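> following is a predicted model, sequence given first.
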Amino acid sequence: MPELPEVETVRRGLADLLPGRVVASAAHLNSPKSFPNAQHDVSQFLIGATIQSVRRRAKVLLVDLDSQHSLVIHLKMTGQLVFRGQEAFGAGHPNDSLIGELPDRSTRVVLGFRDGSHLYFNDQRKFGWVRLLPTLEIPNIDFMRKVGPEPLESDFTVSQFTERFQRRARTNIKAALLDQTVVAGVGNIYADESLWGAQIDPHRIVGSVSADEFSRLYTELRAVMNMAIDKGGSTDKNYVNAEGKRGSYMDFARVFRREGQACSRCGQQILKIRWAGRGTHYCAECQK
DNA sequence: CACTTGACCTGTCCGC
DNA sequence: TGCGGACAGGTCAAGT
C-alpha cells in the first residue's frame, strides 16, 4: 500500500504542515513497535523540540527535530499520518477526508503541538512504527545500509538500474523489483504497473531480461511513480495523505486490481495470480 | 551468499 | 446468520 509515491505524498504534505511546530506531548496508545526508547529520551529529545524538516528515504519518513534527533516512521501496509489543526477539533472534519474524528480505534501514536494541533499515527494492522533516533545514526541502521538507490533521483541512470539487478540474477523479475536492496521504494502496485508498461512477464528470470527490456522497465517505473505522485498516490483501502484525503492513481491503473477487465493495449483479459508471494496482475498476451 | 517461506497483525470477504 | 479460512502486502527472521 504505501509505496514510494504514497510516502512521498505524505512527506510533501507534512513538509508544508510541520516545520516550526513545537512538540508538547507524545501519547503512545497501542503500538508495541513504536517508541522503544527509554522514556527519558522522549522527554529529553522529543518534548519541547521544534520540527525542522521532513525527509524521505525509500518508504521511510524522517522528521528532523532541532534536538539532533529525528522521528523515523514506517507506515508498512496500513499506516497513516494525519495532521489536524486546532480548528478541526469540534468543528467536525472535512467531508473529503476518508477518516473521521481522531483519535480513532486504529490510532497508535499522538503527537501534540504547542499551538494545539496534532499529528496522528494510525495503523490498523500494527506493522508500522515510529522511532526516535539521533539524526546522525539513521544512515547506520540496518535498513538504511542495505536499501538500494532512489529510482526517481535525476542522477539515477538506466545502467545503474540494470546493474543493480544482477545481484538477483536467478530469481524472477517481480521478486527482484520488490527487493528493497535492488531499488528503493517499489511495492506491489508499481511493480505490476511498471512490468505491464515495459511488456515484461512477471515470471521472467532476471538473467534472461535483455538490456532493452531493462531500459523499458527503468523508463516505465519512473513514469508510473512520477504519475502516481502527481495523482497523490494510490488509495486501495487505507492509504490517505497528511490531510486524510485519498489518492487517485487507482483510477489510472492499467493492471492492478483490474483482473477480468480487458487489457487497454491488446484487449485480452487481465489475469490475477499468486506470484513472488504476492497477488500479481498482468496481461499474458502482451507481457512476454 | 542467494533465494523462499512464514511471521507479524487486523479487518473484510467468500463459501458453506 | 455464523464461522472458518483466504487474502490484503512491507519487511525481517529463519529456513533450505
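Noted; the coordinates are in hand.
> what residues does stretch A:43-55 touch?
Contacts of stretch A:43-55 with the rest of the structure, by Cβ atoms under 8 Å, 6 or more residues apart in numbering, involve A:11, A:14-15, A:18-26, A:61-69, A:71, A:132. No exception for glycine: its C-beta is placed from N, CA and C like everyone else's.
> can you rerun that using 7 Å?
A:11, A:14-15, A:18-23, A:26, A:61-67, A:69, A:132 (Cβ atoms under 7 Å, 6 or more residues apart in numbering).
> which is the succeeding secondary structure element to the lowest-mean-pLDDT helix or strand in chain A?
Of all the helices and strands that make up chain A, helix A:39-45 has the lowest average by mean pLDDT, DSSP states H and E, namely a mean of 87. Reading on from helix A:39-45 to the C-terminus, the next helix or strand found by DSSP states H and E is strand A:51-57.
> so, low pLDDT: which residues of the stretch 51-200 of chain A?
By pLDDT under 70, the low-scoring segments of the stretch 51-200 of chain A are A:87-96.
> get me the contact residues on it for DNA strand C.
For the stretch 51-200 of chain A, the residues in contact with DNA strand C (Cβ under 7 Å from any atom of the strand) are A:58-60, A:74, A:76-77, A:125, A:127, A:142-143, A:146, A:178, A:180, A:187-189.
> mind listing what's buried in the biggest helix by length in chain A?
Ranked by residue count under DSSP state H, the longest helix found in chain A is helix A:211-230. Buried residues in helix A:211-230, counted by 16 or more other Cβ atoms under 10 Å: A:213-214, A:216-218, A:220-222, A:224-225, A:228-229.
> for that helix, which helices and strands make contact with it?
Packing partners of helix A:211-230 (3 or more Cβ pairs under 7 Å, 6 or more residues apart in numbering; DSSP states H and E): helix A:4-17, helix A:158-164, helix A:188-198.
> by contact count, what packs against the shortest one?
Okay, so that is helix A:158-164. Applying 3+ Cβ pairs under 7 Å, 6+ apart, one finds that helix A:158-164 contacts helix A:211-230.
> and the next helix or strand after the helix it packs on, which strands flank it?
Scanning forward in sequence from helix A:211-230 by DSSP H and E, the next helix or strand is strand A:271-275. Looking at strand A:271-275 with DSSP bridges, its partner strands are strand A:278-282 (antiparallel).
> follow-up on the earlier one: make JSON lines from the buried residues of helix A:211-230 and add pLDDT and distance to A:V206 to it.
JSON lines is the format used below for these (pLDDT from 0 to 100; distance: Cβ to Cβ, whole Å):
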{"residue": "A:E213", "pLDDT": "96", "distance to A:V206": "10"}
{"residue": "A:F214", "pLDDT": "96", "distance to A:V206": "9"}
{"residue": "A:R216", "pLDDT": "97", "distance to A:V206": "15"}
{"residue": "A:L217", "pLDDT": "96", "distance to A:V206": "11"}
{"residue": "A:Y218", "pLDDT": "96", "distance to A:V206": "14"}
{"residue": "A:E220", "pLDDT": "97", "distance to A:V206": "16"}
{"residue": "A:L221", "pLDDT": "96", "distance to A:V206": "15"}
{"residue": "A:R222", "pLDDT": "97", "distance to A:V206": "19"}
{"residue": "A:V224", "pLDDT": "96", "distance to A:V206": "19"}
{"residue": "A:M225", "pLDDT": "96", "distance to A:V206": "20"}
{"residue": "A:A228", "pLDDT": "96", "distance to A:V206": "24"}
{"residue": "A:I229", "pLDDT": "96", "distance to A:V206": "27"}
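> who's the spatially closest residue to A:I141 that is not a sequence neighbour bridged to?
Leaving aside its sequence neighbours, A:I141 sits nearest to A:L133 (Cβ to Cβ, 6 or more residues apart in numbering; 7.3 Å). Note on A:L133: beta-bridge partners by DSSP bridges are A:S70.
> thinking again about what came up before, let's have the buried residues of helix A:211-230 in TSV, adding distance to DNA strand C.
Listed next are these as TSV, based on distance: Cβ to the nearest atom of the strand, whole Å:
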residue	distance to DNA strand C
A:E213	22
A:F214	21
A:R216	22
A:L217	17
A:Y218	19
A:E220	17
A:L221	14
A:R222	18
A:V224	14
A:M225	13
A:A228	12
A:I229	16
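> so the residue of chain A found nearest DNA strand B: helix, strand or coil?
DNA strand B sits closest to A:R170 of chain A, with a gap of 2.6 Å, by Cβ to the nearest atom of the strand. Under the three-state scheme (DSSP: H, G, I helix; E, B strand; the rest coil), A:R170 adopts coil.
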